[in-house]
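Chemist: Attaching a predicted model along with its sequence, questions to come.
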Amino acid sequence: MSNLTVDLNQNTAKNNALIKLLVFDIGKLTLALPILRVRRIVRQHEVHSSGLSHVSLTHLGEQEVAVVDLHQQLFKASLAKTQTQGYFIITQQVRGEPLGILVSQTPGLIDVPLEQIRLIPDSYRRADTLEIASHVIVMTQGDETLTIFMLDLARLI
């Protein structure tokens, strides 16, 4: 539950509590991070990599930042090679190092009631490429059902 930065087991006003999520699309998937885990969003910079991994490196100011190309990790096709006008979502790894997540479109913000956030079973996480997601949210927007997978920062690299 530490990925959420709140305790879903709390009994106090759980039905009215909201969590603000930064939401973005990678391929046909909608992914999210709790806004409290996001340090900043910057325009995409040049990345350096061998091309053999979904992790590359970029220079942000006076700091080197590891960048994850989730599109390559999930779909085996690099997003960094096909576009140069995206964004880096800068967050912090569990070890304290900054981490960039490459996205092609501007991320959005949504408020989600805590009771709509469900833990993904470990058996599914071990068997699927979405092992990088810890929770799932199923929301109705108009006539559509939106499924959002919340990233687990400890499993991105």
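Modeler: That came through, no problem.
Chemist: list the buried ones in the lowest-mean-pLDDT helix or strand in the chain?
Modeler: Here the helix or strand of the chain ranked lowest by mean pLDDT, DSSP states H and E is helix 122-127, holding a mean of 88. Neighbour-count burial for helix 122-127, counted by 16 or more other CB atoms under 10 Å, picks out R125. (Each C-beta comes from the backbone N, C-alpha and C, glycine too.)
Chemist: Alpha carbons only: can I get it in PDB?
Modeler: Below are the C-alpha coordinates for helix 122-127, written out as PDB (Å, rounded to 0.1, in the frame of the first residue of the first chain):
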ATOM      1  CA  ASP A 122       0.300 -11.100  -6.900                       C
ATOM      2  CA  SER A 123      -0.500 -14.200  -9.000                       C
ATOM      3  CA  TYR A 124      -1.500 -11.900 -11.900                       C
ATOM      4  CA  ARG A 125       1.500  -9.600 -11.400                       C
ATOM      5  CA  ARG A 126       3.900 -12.600 -11.600                       C
ATOM      6  CA  ALA A 127       2.300 -13.900 -14.800                       C
END
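Chemist: Contacts for that helix next, please.
Modeler: Residues from elsewhere that reach helix 122-127, judged by CB atoms under 8 Å, 6 or more residues apart in numbering: 130-131, 133-134.
Chemist: try 6 Å
Modeler: Contacts to helix 122-127, defined as CB atoms under 6 Å, 6 or more residues apart in numbering, come from residues E131.
Chemist: That one: what's the following helix or strand?
Modeler: strand 133-141 (DSSP states H and E).
Chemist: how big is the angle separating the next helix or strand after that following strand from strand 133-141?
Modeler: Counting by DSSP H and E, the element after strand 133-141 in chain order, helix or strand, is strand 144-151. With axes from the mean of the first three to the mean of the last three CA atoms, to 10 degrees applied, the angle from strand 144-151 to strand 133-141 works out at 160 degrees.
Chemist: ok, which stretches of the chain are helices?
Modeler: In the chain, the helices defined using DSSP state H lie at 70-75, 122-127.
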